[in-house]
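> 3D model of this:
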Amino acid sequence: MSGGSGTIMNPVSILVAILQRDWAMMRRYIVNTVSSLVSIYIIFLFIFLGIKGLSSYAAIGALEGTLEGTVIGFFVWTFSVIAYSDLAWSLIVEAQAGTLEQLYLTPAGFKWVAGCTVISNLALNFVPVVLLLVVMMATTGQWLNLDFISLVPLLLITILGAYGFGFALGGLALVYKRLQAIFQVFQFVLIGFLVVPQRLPWAKFLPLSLGNSLIYDVMVDGVRLWELPTGSVLTALLVGAAYFAIGVVIFSVCENIAKDRGLLGHY
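Just a heads-up that it's a prediction; the model follows:
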């Protein structure tokens, strides 16, 4: 009975431990956390000022909806960047510190550690990113509908694909170690996914794209989750799950390569 209970509770204990660790790190390095959000806001501010400079075109409808789309796009993009980068960064830091091999000794398996890491990152970053969203809305004067009952499930569905990229990059980090340049490239790739027009028939099969459109419907038009087209929600879920599954497979392949080559014990 104790063995079965340990098997059930061990992943929970891991999640609690990682939450405590990440919360302590966030408090310890609060300046870095705030600086990251400020950097994102400054980028947003430059784009907003650029759009505002074209206000004469917006007045005749040429840029209708641009401000709302920009705010929502940055909101989703911020969560997506956190989703794909935090796991890979955690692996790089653990490898640099020489503690990566120790994580592989956990009885629950390293994939539980990786999964708990992404859950912890999402939970601890949710409030700061929402506060950033409020600041962006105040800056633009575009007060959007914050229906969290509808937004949270859609947000999780939307960034599921980004987590897939996170696992894929995490696997590559185990083998190739230094991926900073790839992180920077992926930030722009994610922006591309968000700005692809939904009128293109293949756009809904891209990660983030359809989910971002559904979030737009909730935040701008006030549509509730259960009022959205069921087919669109299911498609967004299946697309996100597919990219997530591909990412986990890539992670597993790279993990085996790293073990075979003895790459876990050094950076």
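
> Low-confidence ranges, this protein, go.
1-11, 52-65, 95-98, 100-101, 105, 263-267 (pLDDT under 70).

> Mind jotting down where the helices sit in it?
Ranges of helices within the chain are 2-28, 30-53, 55-59, 66-97, 100-103, 110-140, 148-176, 180-195, 209-221, 230-261, based on DSSP state H.

> Mean neighbour count and distance to Pro201 added to those helices, as TSV?
Every C-beta, even on glycine, is put in place using the N, C-alpha and C of the backbone. Supplementary listing: those in TSV, determined by neighbours: other C-beta atoms under 10 Å; distance: least, C-beta to C-beta, whole Å:
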stretch	mean neighbour count	distance to Pro201
helix 2-28	13	40
helix 30-53	13	28
helix 55-59	11	28
helix 66-97	21	20
helix 100-103	16	43
helix 110-140	17	31
helix 148-176	22	18
helix 180-195	14	16
helix 209-221	22	12
helix 230-261	17	12
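
> mind putting those in JSON lines, distance to Ala203 included?
Formatted as JSON lines, these follow (distance: least, C-beta to C-beta, whole Å):
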{"stretch": "helix 2-28", "distance to Ala203": "34"}
{"stretch": "helix 30-53", "distance to Ala203": "21"}
{"stretch": "helix 55-59", "distance to Ala203": "24"}
{"stretch": "helix 66-97", "distance to Ala203": "14"}
{"stretch": "helix 100-103", "distance to Ala203": "38"}
{"stretch": "helix 110-140", "distance to Ala203": "24"}
{"stretch": "helix 148-176", "distance to Ala203": "13"}
{"stretch": "helix 180-195", "distance to Ala203": "9"}
{"stretch": "helix 209-221", "distance to Ala203": "5"}
{"stretch": "helix 230-261", "distance to Ala203": "11"}
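
> And these: which comes nearest Trp202?
helix 209-221 (9.5 Å; C-beta to C-beta).

> what about Leu234, distance to Val185?
31 Å (C-beta to C-beta, to the nearest Å).

> likewise Leu132?
23 Å.

> Same question for Trp202.
22 Å.

> Ile215 too?
24 Å.

> for the nearest residue to Trp23 once chain neighbours are set aside, what are its contacts?
Closest residue in space to Trp23, ignoring its immediate chain neighbours: Leu124 at 6.2 Å, by C-beta to C-beta, 6 or more residues apart in numbering. By C-beta atoms under 8 Å, 6 or more residues apart in numbering, the residues touching Leu124 are Leu19, Asp22, Trp23, Met26.

> The second one touches Asn121, doesn't it?
In this case it means Asp22. Yes. Counting by C-beta atoms under 8 Å, Asn121 is a contact partner of Asp22 at 6.7 Å.

> ok, of the contacts of Leu124, which one's closest to Ala108?
Using C-beta to C-beta, the contacts of Leu124 come closest to Ala108 at Leu19, 15.2 Å.

> Against Arg199, how distant is the closest residue to Gln198 other than its chain neighbours?
Residue nearest to Gln198 in three dimensions, not counting chain neighbours: Ser213, with 4.9 Å by C-beta to C-beta, 6+ apart. Distance, Ser213 to Arg199, by C-beta to C-beta: 10 Å.

> now swap in Ile92 and tell me
Counting by C-beta to C-beta, the gap from Ile92 to Arg199 is 39 Å.

> What of Ile18?
For Ile18, the distance to Arg199 - C-beta to C-beta - is 42 Å.

> picking that back up, report the set of residues contacting both of Asp22 and Asn121.
By C-beta under 8 Å, 6+ apart, no residue touches both Asp22 and Asn121.
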